[in-house]
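J.: Here's my sequence, what's the structure:
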Amino acid sequence: MTVSPTFYACAIDNGQSAYPLLGFIGLIECEAALGGGLKETRTVKCTRGAAASIALACSESPYEQAVLMLDRLAGFDLTAMTGFRATDSVGAEFVRGAPPEPEPGKIEEMAEKASGNVLKTRVGELNGSAGKDEAIQKAVADGPDGAPRKGYEGPTKKVMYVMGDGTGVPGRRQELEGAKGKQADGSAKTFEAKIGAVFTAFYTEDGRPLLAENGEIYRGKNVKYMGTARRAEDFGPMLYQHAVDNGLEEADAVVFLCDGAKWLRGVQSAYFPHALTCVDLYHSIERVNSMVDFLQFKGRAGPDKKQALKNECIELLRCGKVQEMLGLVESATCKKGSENKLESAMGYFRTNMDRMDYGAFAACGIFVGSGVIEAGCKVIVGNRMKNAGMHWSKDHAEKMIGLRCAVRNGSFLDSYLNGRAANDKLAA
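T.: Numbers count the residues shown, from 1 in each chain. Modelled structure (predicted):
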């Protein structure tokens, strides 16, 4: 790339321009040339400091916009391709290698430690208590009973929440050949990126959640993301290692939150068998709405009856009364030709029923919504990688996802620069 040193020249000595700020901003001279015009230009390469600045800008904005901003703010005379190459080089350092499978017995050891999962115990006790319905109604309406975070001084139990989800990335044509997709002809326009997230919440020794000042369950700001464009088989051990890196082995209990997809159930059973598992409530509500749409409601009052049934089903779902909800649906009339679709929709709830004890979960202060991972998919992938006209290779998507996860986790600059001299090592 080239820069215009006239932006940084501060002295003339023996007819030669001096440009001390080049080193300060992270650019070092590789060769010099005097152009035919009045302005002198020098060809330079990026140090790690400059490469980090370029990658950070290009990770947030399309390459054309990012290099324009860098030019306006710092005089970096870059092309979009240079920005791409620098970002690709930096992003490569944040791509997760395939971690080794957990040591034999390690997952079983964690399962044994978490066998006294305080949240599983409390859910079981609540479901067996005479005051179950009252506790659930209160929690659904007002939130769970808990200990004020600032006023509580007793010992706490550390609970790690683990989440995963997939989101489509618009792919280049060669990446999508032979892939099954959602288009009318079965072709695909996207490949799937998989995002994982972990965070820690705190509970009293008897399983009551610590609450923030507004009465909601206290989570803090400790969410850590990871992601990949690889297969589900690769995602499982990567998510497990990410959880270990962020304190899984120190956790007293684990909660696994997902949308109920088969591949995520496989990840949970293989790597987090000791976790209390919850299917995201809001995905379940969407499924309820779709399921009721397969039913028949005749007459002028049909739309009102349909909405009333949806509301009743959702209320039962929030209280964890899944079987009762399915009974209401079964008693209604299905649209002609939609029988198989309705059966499939109901099968989702039957398969995940033990992961939908939402009333007891709410009363015990357990998160039942996967908003954290939904936000991660949007912030990490959607905001940067799904803009109009974009098409990604899996290789570059992998690098961009790794880079954006590091930025969101607050570890980008420390990981990339800490312990390295910014001006003595070329990165691109």
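
J.: Wait, Gly260 touches His283, no?
T.: Yes - with contacts counted by C-beta atoms under 8 Å, Gly260 reaches His283, the gap being 6.5 Å. Backbone N, C-alpha and C define where each C-beta goes, glycine included.

J.: Poorly predicted segments of the stretch 301-428 of the chain, please.
T.: Residues of the stretch 301-428 of the chain meeting the criterion pLDDT under 70: 419-428.

J.: what about stretch 60-79, average pLDDT?
T.: The average of the pLDDT scores along stretch 60-79 is 88.

J.: First-to-last residue distance for that stretch?
T.: 17 Å (C-alpha to C-alpha, to the nearest Å).

J.: Tell me which residues of the helix or strand where Ile136 lies come out buried.
T.: According to DSSP states H and E, Ile136 maps onto helix 132-142. For helix 132-142, the neighbour count (16 or more other C-beta atoms under 10 Å) marks Lys132, Ala135, Ile136, Ala139, Val140 as buried.

J.: Next, Gly359: phi, psi?
T.: Reported as degrees, to the nearest 10, the phi and psi values for Gly359 are phi -60, psi -50.

J.: ugh, wrong one, Tyr203
T.: As for Tyr203, its main-chain torsions (degrees, to the nearest 10) stand at phi -130, psi 160.

J.: got it, and the one 4 residues further on?
T.: According to degrees, to the nearest 10, the main-chain angles of Gly207 amount to phi 90, psi 20.

J.: Isn't it up against Lys120?
T.: No - assessed by C-beta under 8 Å, Gly207 is found out of contact with Lys120, at 9.2 Å.

J.: got any ranges where the stretch 101-250 of the chain has weak pLDDT?
T.: Ranges of the stretch 101-250 of the chain meeting pLDDT under 70: 113-116, 178, 181-186.

J.: in it, which spans are strands?
T.: 147-148, 156-170, 190-204, 210-211, 224-228 (DSSP state E, counting those that start in this stretch).

J.: Of all these, which one is nearest Tyr358?
T.: strand 156-170 (15.7 Å; C-beta to C-beta).

J.: where's Lys321 relative to Val329, distance?
T.: 13 Å (C-beta to C-beta, to the nearest Å).

J.: same deal with His391?
T.: 41 Å.

J.: ok, now Gln307?
T.: According to C-beta to C-beta, Gln307 and Val329 sit 15 Å apart.

J.: In terms of neighbours, single out the busier of the two.
T.: Higher neighbour count among Gln307 and Val329: Val329, with 19 against 13, using other C-beta atoms under 10 Å.

J.: got the contact list for Gly402?
T.: Gly91, Phe94, Val95, Arg96, Gly227 (C-beta atoms under 8 Å, 6 or more residues apart in numbering).

J.: Excluding chain neighbours, what is closest to the fourth one?
T.: Nearest in space to Arg96, with sequence neighbours left out and distances taken as C-beta to C-beta, 6 or more residues apart in numbering, is Met238 at 5.5 Å.

J.: what about the one you found, how many neighbours?
T.: Neighbours around Met238, by other C-beta under 10 Å: 22.

J.: show me the residues around it that make contact.
T.: Arg96, Ala98, Pro99, Gly196, Met226, Thr228, Arg230.

J.: Okay, it and Glu286: tell me how far apart.
T.: Counting by C-beta to C-beta, the gap from Met238 to Glu286 is 27 Å.

J.: Where do the helices of the stretch 1-150 of the chain begin and end?
T.: 21-25, 48-60, 63-74, 80-92, 106-113, 118-127, 132-142 (DSSP state H, counting those that start in this stretch).

J.: Need those in JSON lines (columns: distance to Arg173).
T.: Shown next, in JSON lines, are the helices of the stretch 1-150 of the chain (distance: least, C-beta to C-beta, whole Å):
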{"stretch": "helix 21-25", "distance to Arg173": "39"}
{"stretch": "helix 48-60", "distance to Arg173": "23"}
{"stretch": "helix 63-74", "distance to Arg173": "20"}
{"stretch": "helix 80-92", "distance to Arg173": "19"}
{"stretch": "helix 106-113", "distance to Arg173": "40"}
{"stretch": "helix 118-127", "distance to Arg173": "47"}
{"stretch": "helix 132-142", "distance to Arg173": "49"}
